[in-house]
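**Q** Need coordinates for the below:
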Amino acid sequence: MNIDWAALGSVFGVSLAVTVGLVTLFTLGIAGLSRRERAVAQGDGGGALAVTGAYACFAACAAAVAYGIYLIVA
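**A** Numbering: from 1, shown residues only. As a prediction, this is how the structure comes out:
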């Protein structure tokens, strides 16, 4: 049995980068929702841009997960 260490390292690097990217996107989405809650609590009534950004981040996360599932199934 011969292990291709370069390919294994490449898979590890890509999976680590994608994981960090997904966590960052999800964190930005949570921060956007938190910013909206803060604006509502202060009575500003704003925060529409923060909610739109949060939903965009969550949609990107869902798309990345769906693409990963597609790659596994295909």
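**Q** does Ala6 count as helix, strand or coil?
**A** Here Ala6 is recorded as helix under DSSP: H, G, I helix; E, B strand; the rest coil.
**Q** burial measure for it, as a count.
**A** A count of nearby residues for Ala6, using other Cβ atoms under 10 Å, gives 8. For the C-beta atoms, the positions are set from N, CA and C on the backbone; glycine is no exception.
**Q** do you know how far it is from Phe12?
**A** 11 Å (Cβ to Cβ, to the nearest Å).
**Q** Would you enumerate the residues in contact with Thr19?
**A** Applying Cβ atoms under 8 Å, 6 or more residues apart in numbering to Thr19 gives no contacts.
**Q** roughly how far apart are it and Arg35?
**A** 25 Å.
**Q** Name the residues of the strand or helix carrying Thr52 that are buried.
**A** Thr52 belongs to helix 48-73 when assigned by DSSP states H and E. Of the residues in helix 48-73, Ala50, Val51, Gly53, Ala54, Cys57, Phe58, Ala60, Cys61 count as buried by neighbour count, 16 or more other Cβ atoms under 10 Å.
**Q** show me what contacts the second one?
**A** So the one you mean is Val51. Shown in contact with Val51 (Cβ under 8 Å, 6+ apart): Gly32, Leu33, Arg36.
**Q** Look up the pLDDT of Asn2 for me, please.
**A** Looking at Asn2, its pLDDT is 89.
**Q** same question, Gly45
**A** On the pLDDT scale, Gly45 gets 67.
**Q** Rebuild the buried residues of helix 48-73 as a markdown table, extending it with pLDDT and distance to Asn2.
**A** As requested, the buried residues of helix 48-73 are exported to a markdown table (pLDDT from 0 to 100; distance: Cβ to Cβ, whole Å):
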| residue | pLDDT | distance to Asn2 |
| --- | --- | --- |
| Ala50 | 86 | 52 |
| Val51 | 90 | 52 |
| Gly53 | 92 | 48 |
| Ala54 | 94 | 47 |
| Cys57 | 96 | 42 |
| Phe58 | 97 | 43 |
| Ala60 | 96 | 38 |
| Cys61 | 96 | 37 |
